[in-house]
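Structural data only, the sequence is not supplied:
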Ligand SMILES: Cc1cc2nc3c(=O)[nH]c(=O)nc-3n(C[C@H](O)[C@H](O)[C@H](O)COP(=O)(O)OP(=O)(O)OC[C@H]3O[C@@H](n4cnc5c(N)ncnc54)[C@H](O)[C@@H]3O)c2cc1C
C-alpha cells in the first residue's frame, strides 16, 4: 500500500508530455483513479509519472453533428455537461453517474478509463453503442480508432508506448433518438457485474453493447441473442449468472433508450 | 430536586475532537527516533519455513533490521499470537506474519519487505471445514504437539453432558467439542406435530473497523517497555506482553489510545510485534498495518456450519432442539466460539429437550478472533430461520410462536442457570405494536417482512474506578476501560447523576496500566454494567467526602444536605449553600482542612444481565437479478435503562447495520489453497451508507437489578438477530429460504431459479 519511489513531471503541453514519455517505463497520469491504486499495490512500477493534468483536453463540445469529449473530461464533467442534455446522449450521463462515488467521478477521466481498459469499466459499453471513436496523438502523428479497435483485451489497448488519447468523438444521434445505460454492480467495488449501453433511433434501429462480462465490451448482435457473447464467470458471479444478467441489463438499457426515443412515443 | 440526568440524549463527549480531527489516534503520536516496521506475510496457507533470506533487504537504504521469530525475545511457549508473533518454523495461514522489516521510514520498510525472500516447503492446506474434522484429515498444524503450553487450557471449562453418546471418530484438527443436553430429544421430536431442519453456513467475517491495527512500543531509559496502542484492553495487553516477554510486570506500561473502532478484533495482536521489535532493537518501533495487511493478518470471526433440527406442537409449544455446530478456529488453538454458539443456538426460548453440540476445528485460515457477539449471529440465523418455518408448518403466527415460548425470569436456560431479568416478551410485544408488522400480509409483490429475535448474555469482570474533584471544581472520572462505543459518555452521566453534578462539569479520563484502577477489556457488553457500576460507587464515595467537608463548612449535618447541580445546600434552605468548586479549592491547598473530594469504587457483578433484541426487516427482491434491497429495518431492544438514548440508538443502528452486512454483503473467501480472495474493500463488501435503510429504534427498558440505574450491556445484542430478520424477509418476499450467508445477488438468483449456487 506504499508505492515505490517514482519520478514526477507535470506536462506543459501535449508535445512536452510525449517527449517526457520517451523515458523508459514512463507512464501518463490523468485522474489517478486507476493508476495510483496500482502503484500502491506495486503492480505497476513506472520510473516517471507524466502528469497530464495541466493540458487543455477537458472540454465537451458539439462540433456539427459530432460530440467531442476531451480525454481529460472527468465523469463529473460528463454528468454536469449541458451538451449531454438531450435524450440521444442522456445515456452518457447515466453511465458516468453510475461510476464510483463522487470523489472518483471528480477525478477519473474518460481518457484514463479507456487507456486503462479494465474489462469491467462502465463507459466502453455506452461508447460502443453510440459508435464512438477515439483520437490519439503520438510522435508519429494523429490517428483515430473505434472503441473495439482500441480495447484489445483485459487491461490491453492498441495504443503505442508513447501514444496518448486526446479525445473521444461520437456522432450525435439523430433527433428523436434515446440512449440509456443499465447495470448491476458488484456490491463491493461498484464495478458492473454486467452493464449495458443502448441507443434507439427514431427509425427503429438500435444498438446495444455490454460490458463487465467478458474480456472486453461487446456489441450485441442485431438479433439480440447473447448466445455468442463471450462471458466469464468468477467466484462471486458464475458464468451462468453473468450471462443471464447480460440479457437483463441489455433489456433494461434498451427499455430506457426506447422510452427516451421519440420514435417509441 | 432537579430532573434526573439519566435517559436524556446528549452528544458523545469524544465527538467534538473526533469530528474536528483533534483526536490523536495510536498512529498519530510523535515519538523521537521512531522506526517503522512492515510485515512479511506468508504467501502459503500451510508450509514449513526452510529459510528467510534477509541480505537483499538489509542492503537497502533506510532498512535497519529484518527480524524473524528467533530475533524476538519471546519466552512464552505455545502457538497463540502473543507467543508466536512471527511464525517459527511452520506457517499455518496465508497472511501470517513471518518477518518484520524495520526501517527509518514506512516506504523503506515496504521496499525491504519486497526484497525479503522466504523459502517455503508447502504442506497440505486444510481449508474445508467438514473435511478437516474427518479422521485421517491432514493436520492443519504439525507443531501442535511440541508446542504444548496453552493446549491444556483448551479442555478446561469444557462442559460435557453426562450421557455423552459413543465417542465420535474425529481428526486431531478437532481441538474442542462441547455438548449440552437435557431430556430425550429424539422422543420430543418424534412426538412433535412438525419438525424442520436445515444446514446453515456463514463465512469468515471481518470486523472492518475504520482504523487498521496499530501499536507503537519503546523503552524508557530505566528499561520500562511502553506500548501506545489501539486496543480494547490495556491490562489484558499488559498481561499478554508480560507472559510473552517475561519482563517484570511493572516494567510494562500499556496506554490504550482513542480507538478507531475494534468490534472485538483488537486484543494484543500487533502489540507483541511492536514490543518484540523494540526490545530487540532498543529503539521505538511502530507497526501500523495497511488495510491489505489488516485483512490478511488479523483475526476475523469464524466461519461456521450449523446443522439444526427443531420441533413444535400445534398449540405453539416448542419441543426439542438438536444442533451440531462446526466452528472454524483457523489457527487459534487457545479458544473458539463453539461453546457460546451452541448455547445461543437455543435462542431466547424454552425447550423441553435439547442436544447441542459444538466443535472447534483448526484449519489453515486466519486466526479466529472475537467479533461483536461472537457466534451469535450464526446461531440466530439458523434458529430463527427454522422457527419461522416451523410456525408456517404448524399454522401458528410466527410472532405468537416466539412470544409463547420466550424465556422469562426464573426459567432455566440451556446453560442450566436460572434466567435473570429478561426482556424477550417485552421486545416482541413492541414489534407486534409496530405499524409495519400489521402490513405483513398486504405488501406488494416482491416485498417481504422478516422477524427474528436474539440475545447476548453479557459478561462480567470485576472493575474499579476513581472519581475526584479537581481544583477547577470539575468531577474527574478515572478508569482504565478503553473508550469503545461511547462508554466514557455513559460514565459521565452515571457520575453526574450519582454525585449531583451537571454532566458538562464531569470529565472522563482513561488512564494506563501504570496508574489506573483495574478494568478488563472493553468487550462482552460488560463495560457499562461493570465499570459503570464501579463509577457509580466511586461517585457516591466522593459525594460522601464532599458532604463531610460541606457539613463542617456549613455546620449542617451531612444528612441534611443535598447536592444539586454542583452546589451543596441545606435541604429546605437552599440559600445556605457552597459550591463544589469552592469546597475543592478549600481542600486542595497547602494547609487545607478537608480530605480531597475523591472516591474509589469497585464492582464484582455475579448476575448476568442479558439483552434481547427483536428485528423486523422489510425487503424488496429483484427476481431478475437476485438483488435484495432493504426498504426499512426496525429493532426493539431491551437495554435495561437507556443512560443516554442517543448512544443507545447509535449502538442499535450500528448493530443492525453490521447484521445487514452479515446478511447481504460480507464474506472473507479463500481459494482452495487457502489464499484470501477478498482482501480489500474492492472485493469485500460492507454495508455502506447508501445501502442501509432507515432504521427505527425502539428502546425497551427492563431494568437490570444490579446495573447502574438499571442499565445493562447493550453493544452486542443488536447484531445478533439482524441477519436472520433479513433472511426471513427474503423468504417472505420470494418463498425461497437461503441457507448460506451472505445472500449475494448470484446466490439469491441461483436459489430462485434452482440453478447451482456459487460457493
Ligand atoms: C473507488 C473507485 C471506484 C471506481 N468505480 C468504477 C466504476 O464503477 N466503473 C468504472 O468504469 N470505473 C470505476 N473506477 C475507475 C475510474 O473510472 C477511473 O477513473 C478510470 O478507470 C481511470 O481514469 P483516470 O483519469 O483516473 O486515469 P489514471 O488512473 O490516471 O490512468 C489510468 C491509465 O490510463 C493511462 N492514461 C491516462 N490518461 C491517458 C491518456 N489521455 N492517454 C493514454 N493513456 C492515458 C495511464 O497511464 C494509466 O495507465 C473506479 C475507481 C475507483 C478508485
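Nice, I can see it. Owing to the predicted nature of the structure, the values given are computational and were not obtained by experimental measurement. Numbering: from 1, shown residues only, chains lettered A, B, ... in the order given.

List the buried residues of the longest helix belonging to chain B.
Identified as the longest helix of chain B according to DSSP state H is helix B:532-554. For helix B:532-554, a neighbour-count test (16 or more other CB atoms under 10 Å in any protein chain shown) marks B:532-539, B:541-543, B:545-551, B:554 as buried. Glycine gets a C-beta too; all of them are placed from N, C-alpha and C.

quick one: contacts for the nearest residue to residue B:265 once chain neighbours are set aside?
Computed as CB to CB, 6 or more residues apart in numbering or on different chains, the closest residue to residue B:265 that is not its neighbour in sequence is residue B:207, at 3.8 Å. Under the criterion of CB atoms under 8 Å, 6 or more residues apart in numbering or on different chains, the neighbours of residue B:207 are B:261-265, B:298, B:300-301, B:369, B:371-372.

Return the member of the residues you listed nearest to the ligand.
Using CB to the nearest ligand atom, residue B:261 is the member of the contacts of residue B:207 that sits closest to the ligand, with 20.5 Å.

Report the contact partners of residue B:518.
B:235, B:462-464, B:480.

Please repeat the previous calculation with a cut-off of 7 Å.
B:235, B:463-464, B:480 (CB atoms under 7 Å, 6 or more residues apart in numbering or on different chains).

Would you state the helices of chain A in chain order?
So, for chain A - with DSSP H - the helices run A:14-20, A:35-40, A:75-80, A:90-97, A:102-107, A:110-116, A:123-130, A:147-150, A:239-260.

Of all the ones you listed, which one comes closest to the ligand?
Using CB to the nearest ligand atom, these put helix A:110-116 closest to the ligand, at 2.2 Å.

The longest helix of chain B: what's the following helix or strand?
strand B:561-564 (DSSP states H and E).

Can you pull out the low-pLDDT segments for the chain?
Let's take chain A. Low-confidence segments of chain A (pLDDT under 70): A:263-265.

sorry, should have said chain B
For chain B (pLDDT under 70), the answer is B:1-2, B:144-166.

In it, which residue sits closest to the ligand?
residue B:682 (7.5 Å).

my guess is that residue meets residue A:188, correct?
Yes. Shown here, residue B:682 and residue A:188 form a contact pair, counting by CB atoms under 7 Å, at 5.8 Å.

of these two, who's got more company?
Legend: neighbour count by other CB atoms under 10 Å in any protein chain shown for residue B:682 and residue A:188, higher for residue A:188 (19 against 13).

which residue sits closest to the more buried one, ignoring its sequence neighbours?
Nearest one to residue A:188, counting by CB to CB, 6+ apart, is residue B:685 at 3.7 Å.

and if you look at residue B:192?
residue B:311 (3.1 Å).

wait, doesn't residue B:521 sit right on residue B:233?
Yes. With contact defined as CB under 7 Å, residue B:521 counts as touching residue B:233 (2.7 Å).

and the residue most central in space within chain A, what does it touch?
The centre of chain A sits closest to residue A:123, judged by CA atoms, centre = their mean, with a distance of 3.4 Å. Contacts for residue A:123 (CB under 7 Å, 6+ apart) come out as A:95, A:110, A:113.

Could you do residue A:104 as well?
Contacts of residue A:104 by CB under 7 Å, 6+ apart are residue A:33.

gap between it and residue A:165?
19 Å (CB to CB, to the nearest Å).

again with residue B:730
Taking CB to CB, one finds residue B:730 at 44 Å from residue A:165.

what's the neighbour count on residue B:118?
Counted with other CB under 10 Å, residue B:118 comes out at 20.

which SS class is the residue nearest to residue A:188?
At residue B:685, secondary structure determined by DSSP: H, G, I helix; E, B strand; the rest coil is coil.

wait, what's in contact with residue 50?
Answering for chain A, as no chain was given. With CB under 7 Å, 6+ apart, residue A:50 has these contacts: A:9, A:11, A:17, A:20-21, A:26-29.

look at chain B instead
Going by CB under 7 Å, 6+ apart, residue B:50 touches B:119-121.

so it sits in a helix?
No. When classified by three-state DSSP, residue B:50 is found to be strand rather than part of a helix.

Spit out the contact partners of residue A:29.
Applying CB under 7 Å, 6+ apart, we find residue A:29 in contact with A:35, A:49-52.

Those residues of the stretch 51-200 of chain A touching chain B, which are they?
Taking CB under 7 Å from any CB of the partner chain as the contact definition, the stretch 51-200 of chain A meets chain B at A:184, A:187-189.

at 10 Å what do you get?
A:101, A:184-191, A:193-194 (CB under 10 Å from any CB of the partner chain).

which of the contacts of residue A:50 sit farthest apart?
Across these, the longest distance by CB to CB is 12.1 Å; it joins A:11 and A:27.

Touching both of the two, which residues are there?
A:21, A:50 (CB atoms under 10 Å, 6 or more residues apart in numbering or on different chains).

quick one on the thing from earlier: next, show the common contact partners of residue B:521 and residue B:233.
B:256, B:262, B:266-268, B:461, B:481-482, B:484.

Out of those, grab the one that's most surrounded.
residue B:266 leads those on contacts (other CB under 10 Å) with 35 neighbours.

ok, stretch B:127-139 near chain A or not?
No. Interface with chain A: stretch B:127-139 contributes nothing (CB under 10 Å from any CB), its closest point being 13.7 Å away.

and residue B:514, how far is that from residue B:247?
Where residue B:247 is concerned, residue B:514 sits at a distance of 13 Å (CB to CB).

any residues in contact with both of those two?
In contact with both residue B:514 and residue B:247: residue B:224, using CB under 10 Å, 6+ apart.

My guess is residue A:135 contacts residue A:144. True?
Yes. Between residue A:135 and residue A:144 there is a contact under CB atoms under 10 Å: 5.2 Å.

Which one of those two is surrounded by more residues?
residue A:135 (18 against 13).

what sits against the residue of chain B closest to the ligand?
Residue B:682 neighbours (CB under 10 Å, 6+ apart): A:37, A:186, A:188-191.

What subset of those is buried?
A:186, A:188-191.

Run through those and flag the ones next to the ligand.
Among the buried ones among the contacts of residue B:682, proximity to the ligand is found for A:190-191 (CB under 6 Å from any ligand atom).

quick one: which of the buried ones among the contacts of residue B:682 is nearest to residue B:47?
Nearest to residue B:47 among the buried ones among the contacts of residue B:682, with distances taken as CB to CB, is residue A:188, at 29.2 Å.
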